[in-house]
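Student: predicted model follows, preceded by the sequence.
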Amino acid sequence: MIDPNASSALGRLPSGLYVLTARHGDRSTGMLASWVQQAGFQPLSLTVAVAHGRFVHEWVEASGRFVLNQLGSTDTALLKHFGKGFAPEEDAFKGLELLDSAKGGPVLARSAGYLDCEVTGQVDSGDHRVYLATVVAGQVFQPERAPYVHTRRNAAHY
């Protein structure tokens, strides 16, 4: 049973919002990700959690790579677009301008920036898989844009 007081307190931990993109063969997809954290300096590394049951797991594990596109504080259109989720056969990027500057997946041209990541480890954590990844490349497109940061009222659901 989840302690409601602990859930409220945990939900107040701030996190950014990202679009994780991945490739599988000639296909690519994207999903919203918020559980992202820097995990090291040398090499630059981070963790990202992906809910079990998402097909993106297979794609990330097959390629060993992904891209995190950072959303800016005003990127509500991208948030809405990727918030609905996509089936494996759907075009997650319909109508969006993409850059092909990363190995791990497409880069959203309208994102605040991106991190191209190579998976170095993983661990299951309850209902999510946490990937540890080395950042192999990245860029900030508009340094003046503030990142999209949010908290939740309750840590028991998105």
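Tutor: Yep, that arrived. Residues are numbered from 1 along each chain as shown.
Student: contact partners for residue 122?
Tutor: Applying Cβ atoms under 8 Å, 6 or more residues apart in numbering, we find residue 122 in contact with 61, 129, 130, 131, 132. Where C-beta positions appear, they are placed from N, C-alpha and C, glycine not excepted.
Student: helices along the chain, start to end?
Tutor: Using DSSP state H, the helices of the chain run over residues 4-11, 56-63, 76-83.
Student: starting at the chain centroid, how far to the second one?
Tutor: The chain centroid and the centroid of helix 56-63 are separated by 13 Å under Cα atoms, centre = their mean, to the nearest Å.
Student: from residue 78, how far out is the closest residue to residue 97 other than its chain neighbours?
Tutor: Closest residue to residue 97 apart from its sequence neighbours, by Cβ to Cβ, 6 or more residues apart in numbering: residue 109 at 3.9 Å. Distance, residue 109 to residue 78, using Cβ to Cβ, to the nearest Å: 11 Å.
Student: what sits in contact with each of those two?
Tutor: Joint contacts of residue 109 and residue 78 (Cβ under 8 Å, 6+ apart) are residue 96.
Student: more neighbours, these two?
Tutor: Legend: neighbour count by other Cβ atoms under 10 Å for residue 109 and residue 78, higher for residue 78 (22 against 13).
Student: the residue lying closest to the more buried one once chain neighbours are set aside: how many residues sit nearby?
Tutor: Using Cβ to Cβ, 6+ apart and skipping residues adjacent in sequence, the residue nearest residue 78 is residue 71, 5.8 Å away. Applying other Cβ under 10 Å, we find 29 residues neighbouring residue 71.
Student: is it true that residue 71 touches residue 81?
Tutor: No: Residue 71 is beyond contact range of residue 81, at 10.6 Å (criterion: Cβ atoms under 8 Å).
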